[in-house]
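A.B. asks: predicted structure and sequence below. I'll ask about it afterward.
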Amino acid sequence: MICPQCGNVLSDSVTVCPECGMSLKDTASISGAAGIRQGRTGKNARRTERAAPYSAFASAQTENAGIDDYRLLRPGPERVPDLPERRSRRTREHRVRKFMVNWALVWTVILFLVILGAAGGFLYLKTSDAGQLILARMGYDANAEALWALGSEYLDQGYIERAIISFESAHALEPDRPDIYSKLLLLGEAYMAGGYLSKAEALYTTMYTDIDPKTVTAYRLKASILTSQGRTMELAAFLKEAYTATGDASFSRQREELVPAAPTAALAAGKYTLDLTTSEQFKSVELLSAEDYDIYYIHFFKPNKEYIEEDELQKLNAQALPDDGTLYTGPIHLEPGYHVIRTVAISSELISDEMVTTYTVSAPSPSSPKLSLAPGTYQTRQRVWLRYTGKDPVTIYYTIDGQTPVTPMTGDSRNQPAYTSPVYTGEPILLPGGRVHVKAIAVNSYNVRSNEMDVELKIDIKFEHFFNAADTYGNFTLLTTTRDQFVRKYGQPTAEQEYSDTIALRCLQLDYDWGYARFMSTSVGYVVYDVQSDSSSFAGPRSTRCGMNASAVCEKFRDMGQLNNSDGSRSIYWDQSSGYAMSYKDKTNPSLGQIDYVYYTEDGGSVMLTYYTANDIVTKIGVRYSNLRISPNDYYYKK
């Protein structure tokens, strides 16, 4: 087929010319010669009369030219007349081309718009608050904000269980959000509306403990729960905690309406001095309760002090009222010293706030004793007296051995000193030869000590010297004589054994019929450091031996002549730099005793010479070196 408009040769099945766009539907009816020229036969060769003029013209031209190929005679604008029928056809063909629809494109656009709408809806649901709320309502996963909003809707509509589930899910998703405190208040409201008071209480506790301890809302809500459940004791303690944490006075006022008022003391806290003229022995303090409730108290007392040590305060505060307290039945006596009184009032199950009062009670100090002899140098032994010029009764403790007088302590017997100085009885004191310090302290009935009296005197007569490094023993020297040398002088031992001691890890003991000798390992071998003998043939320093009277032994050394104290012991002499000597009595068997002489070595150690006595007769002598500096109390505790 040939396109009537452009002459393009086409297939018979084509309905629109791809070259010019002309519709070829009418061309299918062309018949006869024109149909043959179009390459059509039969019914496809028919042609409408509207195309006859142009077809006749084309046929005539073809016949005249004798040319079979109609395409060579394709009329141009200058050869083909512009017939009205042709213009009409072109117009119709233009309209056809203008209104043709590309359905593939249409469906593509529609699909694109659908996808775009679906994507927009998805983004809306996922990114907007309203979209998240829609998802939450539909039961799909949503963010915490949407779940909080949905829970609020449920709560307003009365769906308490749904509200709780939404709130708990939201809290689990975002537990640390900045406004979590206000959000949890919604969860607490839902718990309380649903009757889950224990869960609400635990939630409010977490809120004021871990989230915001200063905001009062959680405290008030928990207080309302405690009140509704009648838990009065817990409520009182909780209101105190809330007031301490927030400083909100409403908590304090609410608590005051519940608990009893704290007790009061009739005697104001402070410092007091006992009246000596009235022989006042103590101050009294009465405890009062405005509602006449029972009062329990704890009383701490430290004699003759004006303070409390830190460890003592900790022990005092560790005691709990009323469990560790005493029921108040009458006035509390305050003796000289430092007092702390803690009290509470009890009404049924309620306990008041604690009242703490402190008192410092002091007593007049006695004046110092006086000595009958003025300080100076005297050529003969002197007897002296001590006197007290005050009017209050006192006890005078004194020493002439060089030590400061030691007095007993009041209170716990465990705090008593190991040794106390002798008490002056009014008898004259015989002073020894040499330089003497007479020291004395007066203690009144309040156990208050006076200032120390210290008078130095010089008695210019001959006297013995302190035990010292120049003193020698039988046939050995401490820390010098070796084991072999000792054996050559004293013979073979009956037994020999090794052991460890505080002075050395490797030590050796040689046993004899008369006693033992101990040696410690050194760079030069074993040297003697401890010897003890009960034989009268064993010679101690200054010709002392077993069997001598104890007083005869004391005469061989410096003796200040100080008298025995109350338990039969006495200090023979004491010098801070040289050493000391003391006589002890066994506390369980006074017939037994010992006399210790100690001098301090240059290496910081000590040498102790001991005479063991029975009925004041020496039964055994021992001498020992120690690498420690020994003081009188170290050994007095052991006697």
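C.D. replies: In hand now; what should we look at?

A.B. asks: isn't Pro541 up against Thr472?
C.D. replies: Yes: with contact defined as CB atoms under 8 Å, Pro541 counts as touching Thr472 (6.4 Å). Any C-beta I mention is one placed from the backbone N, CA and C, and that applies to glycine too.

A.B. asks: could you say what helices and strands the lengthiest helix in the chain packs with?
C.D. replies: The residue-count maximum for a helix in the chain (DSSP state H) belongs to helix 103-127. Here helix 103-127 touches helix 129-138, going by 3 or more CB pairs under 8 Å, 6 or more residues apart in numbering; DSSP states H and E.

A.B. asks: now do the buried residues in the helix it packs on.
C.D. replies: Residues of helix 129-138 classed as buried by neighbour count (16 or more other CB atoms under 10 Å): 131-136.

A.B. asks: and that helix, what does it pack onto?
C.D. replies: For helix 129-138, the packing partners by 3+ CB pairs under 8 Å, 6+ apart are helix 103-127, helix 144-157.

A.B. asks: what's in contact with the last one?
C.D. replies: The one in question is helix 144-157. 129, 132-133, 135-137, 142, 160, 162-167, 169-171, 173-174, 177, 183, 186-187, 189-190, 193 (CB atoms under 8 Å, 6 or more residues apart in numbering).

A.B. asks: of those, which belong to helices?
C.D. replies: Short answer: those in helices (DSSP H) are 129, 132-133, 135-137, 160, 162-167, 169-171, 173, 183, 186-187, 189-190, 193.

A.B. asks: so how do I select the buried members of those residues in ChimeraX?
C.D. replies: Selection of the buried residues among the ones in helices among the contacts of helix 144-157 in ChimeraX, burial being defined by 16+ other CB under 10 Å:
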select :132,133,135,136,160,162,163,164,165,166,167,169,170,171,173,183,186,187,189,190
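
A.B. asks: is the nearest residue to Ile211 once chain neighbours are set aside in a helix, a strand, or coil?
C.D. replies: The shortest distance from Ile211 to any non-neighbouring residue, by CB to CB, 6 or more residues apart in numbering, is to Tyr181 (5.4 Å). Here Tyr181 is recorded as helix under DSSP: H, G, I helix; E, B strand; the rest coil.

A.B. asks: right, and Tyr181 touches Thr215 too?
C.D. replies: Yes: assessed by CB under 8 Å, Tyr181 is found in contact with Thr215 at 6.6 Å.

A.B. asks: list the contacts for Ser11?
C.D. replies: Counted by CB under 8 Å, 6+ apart, Ser11 has contacts Met1.

A.B. asks: would you turn the buried residues of helix 129-138 into a markdown table with distance to Tyr296?
C.D. replies: Putting those into a markdown table (distance: CB to CB, whole Å) gives the following:
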| residue | distance to Tyr296 |
| --- | --- |
| Gly131 | 66 |
| Gln132 | 61 |
| Leu133 | 60 |
| Ile134 | 65 |
| Leu135 | 63 |
| Ala136 | 58 |
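
A.B. asks: possible to save those as a markdown table with distance to Gln382 and pLDDT?
C.D. replies: Converted to a markdown table, the buried residues of helix 129-138 look like this (distance: CB to CB, whole Å; pLDDT from 0 to 100):
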| residue | distance to Gln382 | pLDDT |
| --- | --- | --- |
| Gly131 | 114 | 82 |
| Gln132 | 109 | 83 |
| Leu133 | 110 | 82 |
| Ile134 | 115 | 83 |
| Leu135 | 112 | 81 |
| Ala136 | 109 | 82 |
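
A.B. asks: re the thing from before, return the most buried member of the helices and strands packed on helix 129-138.
C.D. replies: Comparing those by mean neighbour count (mean count of other CB atoms under 10 Å), helix 144-157 ranks first with a mean of 19.

A.B. asks: can I get that one in PDB, CA atoms only?
C.D. replies: This file holds the C-alpha atoms of helix 144-157, laid out as PDB (Å, rounded to 0.1, in the frame of the first residue of the first chain):
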ATOM      1  CA  ALA A 144       8.300   6.500  73.300                       C
ATOM      2  CA  GLU A 145       6.600   9.900  72.800                       C
ATOM      3  CA  ALA A 146       3.700   8.200  71.000                       C
ATOM      4  CA  LEU A 147       3.400   5.600  73.700                       C
ATOM      5  CA  TRP A 148       3.200   8.300  76.400                       C
ATOM      6  CA  ALA A 149       0.600  10.100  74.400                       C
ATOM      7  CA  LEU A 150      -1.400   6.900  73.800                       C
ATOM      8  CA  GLY A 151      -1.200   6.000  77.500                       C
ATOM      9  CA  SER A 152      -2.600   9.500  78.400                       C
ATOM     10  CA  GLU A 153      -5.500   8.900  76.000                       C
ATOM     11  CA  TYR A 154      -6.200   5.500  77.600                       C
ATOM     12  CA  LEU A 155      -5.900   7.100  81.100                       C
ATOM     13  CA  ASP A 156      -8.400   9.900  80.200                       C
ATOM     14  CA  GLN A 157     -10.800   7.300  78.700                       C
END
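
A.B. asks: check the offset of it from the chain's centre.
C.D. replies: 41 Å (CA atoms, centre = their mean, to the nearest Å).

A.B. asks: do stretch 229-245 as well
C.D. replies: 25 Å.

A.B. asks: so what's the model's average confidence on that stretch?
C.D. replies: For stretch 229-245, the mean per-residue pLDDT is 89.

A.B. asks: cool, and stretch 567-577?
C.D. replies: 89.

A.B. asks: flag every buried residue along it.
C.D. replies: Within stretch 567-577, the residues scored as buried using 16+ other CB under 10 Å are 569-574.

A.B. asks: sketch out the low-pLDDT regions of the stretch 401-550 of the chain for me.
C.D. replies: 409-418 (pLDDT under 70).

A.B. asks: swap that for the stretch 251-400 of the chain, please
C.D. replies: In the stretch 251-400 of the chain, residues with pLDDT under 70: 276-277.

A.B. asks: what about the helices in it?
C.D. replies: 310-318 (DSSP state H, counting those that start in this stretch).

A.B. asks: picking that back up, same drill for Pro541 and Thr472, tell me which one is more crowded.
C.D. replies: Pro541 (18 against 13; other CB atoms under 10 Å).

A.B. asks: name the nearest residue to the more buried one, sequence neighbours excluded.
C.D. replies: Asp471 (3.7 Å).

A.B. asks: fine, thanks again, bye for now.
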